[in-house]
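*Asks:* Mind looking at a prediction? Sequence and model below.
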Amino acid sequence: MICGNLSNTGTSGDAAVLCTTNQRGLCFVSGGINNLRVWTINPKLRNLQVVEVALGMIRRNIRCMVIDERDDFLFCGSTTGDIMKVKLNYSHDVRSREPVKKPVLLGCYGKYGGKKKLLSGEPSERFRNGVTALLLLPKDLEDRMVVGAGDGTVEMVREKEVCLPKGSPIRIPSLPQLRVVSTK
């Protein structure tokens with residue numbers, strides 16, 4: 001046993017999922033009900049340092065997580081059927097184990113419905129019965145991701161750049177950022 005740190009702060013839910021980083025062997029992320037934290041193991045001091053991810057007002061029950069190959073971004077599948085994208089804010093020096101800034105939520109992404117113009121308040125499509133599995137494919141496959149949903153469907157998606165008009169009134173938690181490439 002290294003230490004007895006709690007996986008929650010008392011105001012958030014318990015950790016249910018763990019995900020290790022790819023470049024930093026002594027770092028991992030925990031997630032669960034309204035809970036997302038970045039951990040660093042310090043074997044010399046026999047303890048763990050933890051940093052809360054800045055989620056703002058967003059609350060999600062995280063079911064699965066995956067980190068990109070450079071430890072830049074974390075993707076979390078949720079019971080609401082969208083995918084959270086988090087910037088981990090690690091230094092590009094892989095010897096640096098702690099984030100240089102607090103990790104921050106970039107957005108919650110749903111499926112893009114194919115409409116040319118997004119209407120105010122128009123919800124994005126979500127994965128039915130939540131996102132239960134995520135797989136990031138190598139960068140040479142155009143940043144594609146495989147998503148497993150709770151209804152048994154498996155879809156290959158690619159992050160899309162959505163151009164919203166300046167001053168757009170769209171203020172919805174899930175943005176239509178994922179273009180479906182293939183579905184089974």
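*Replies:* Happy to help now that I have it.
*Asks:* Can you check what pLDDT the model gives the residue nearest the centre of the chain?
*Replies:* Here the mean C-alpha position of the chain is nearest to the C-alpha of Phe75 (CA atoms, centre = their mean), at a distance of 2.6 Å. At Phe75, the pLDDT value in this model is 97.
*Asks:* show me what contacts it?
*Replies:* Each residue near Phe75 by CB atoms under 8 Å, 6 or more residues apart in numbering is listed here: 65-68, 83-86, 134, 136, 145. Every residue, glycine included, has its C-beta placed from N, CA and C.
*Asks:* And for Pro138?
*Replies:* Glu69.
*Asks:* Do you know the pLDDT at it?
*Replies:* In this prediction, Pro138 carries a pLDDT score of 84.
*Asks:* Next: Glu69.
*Replies:* For Glu69, pLDDT reads 91.
*Asks:* Spatially, what comes nearest to it if we skip its sequence neighbours?
*Replies:* Spatial nearest neighbour of Glu69, excluding adjacent residues (CB to CB, 6 or more residues apart in numbering): Asn22 at 5.3 Å.
*Asks:* which SS state does the one you found fall under?
*Replies:* Following DSSP: H, G, I helix; E, B strand; the rest coil, Asn22 is assigned to coil.
*Asks:* pLDDT of the longest strand along the chain, averaged?
*Replies:* Criterion DSSP state E: the longest strand present in the chain is strand 174-183. If you average the pLDDT over strand 174-183, you get 74.
*Asks:* likewise stretch 87-96?
*Replies:* Averaging the model's pLDDT scores along stretch 87-96 yields 90.
*Asks:* now swap in stretch 17-33 and tell me
*Replies:* Averaged across stretch 17-33, the pLDDT comes to 94.
*Asks:* which of the residues in it are buried?
*Replies:* Of the residues in stretch 17-33, 17, 19, 21, 23-24, 27-32 count as buried by neighbour count, 16 or more other CB atoms under 10 Å.
*Asks:* again, but for stretch 81-91
*Replies:* The neighbour-count check on stretch 81-91 (16+ other CB under 10 Å) flags 81-90 as buried.
*Asks:* Same check on stretch 149-156?
*Replies:* Neighbour-count burial for stretch 149-156, counted by 16+ other CB under 10 Å, picks out 149-150, 155-156.
*Asks:* same deal with stretch 103-111?
*Replies:* Buried residues in stretch 103-111, counted by 16+ other CB under 10 Å: 103, 105, 107-111.
*Asks:* out of the residues you listed, which one sits closest to Trp39?
*Replies:* Of all the buried residues of stretch 103-111, Trp39 sits closest to Pro103, with 11.2 Å by CB to CB.
*Asks:* all strands for the chain, in order.
*Replies:* Secondary structure of the chain (DSSP E): strands at 15-20, 27-32, 35-42, 47-52, 62-67, 73-78, 83-87, 104-111, 131-136, 144-149, 154-159, 174-183.
*Asks:* In TSV, list those along with distance to Val94.
*Replies:* As requested, those are arranged in TSV below (distance: least, CB to CB, whole Å):
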stretch	distance to Val94
strand 15-20	14
strand 27-32	10
strand 35-42	13
strand 47-52	17
strand 62-67	13
strand 73-78	15
strand 83-87	17
strand 104-111	20
strand 131-136	18
strand 144-149	23
strand 154-159	24
strand 174-183	28
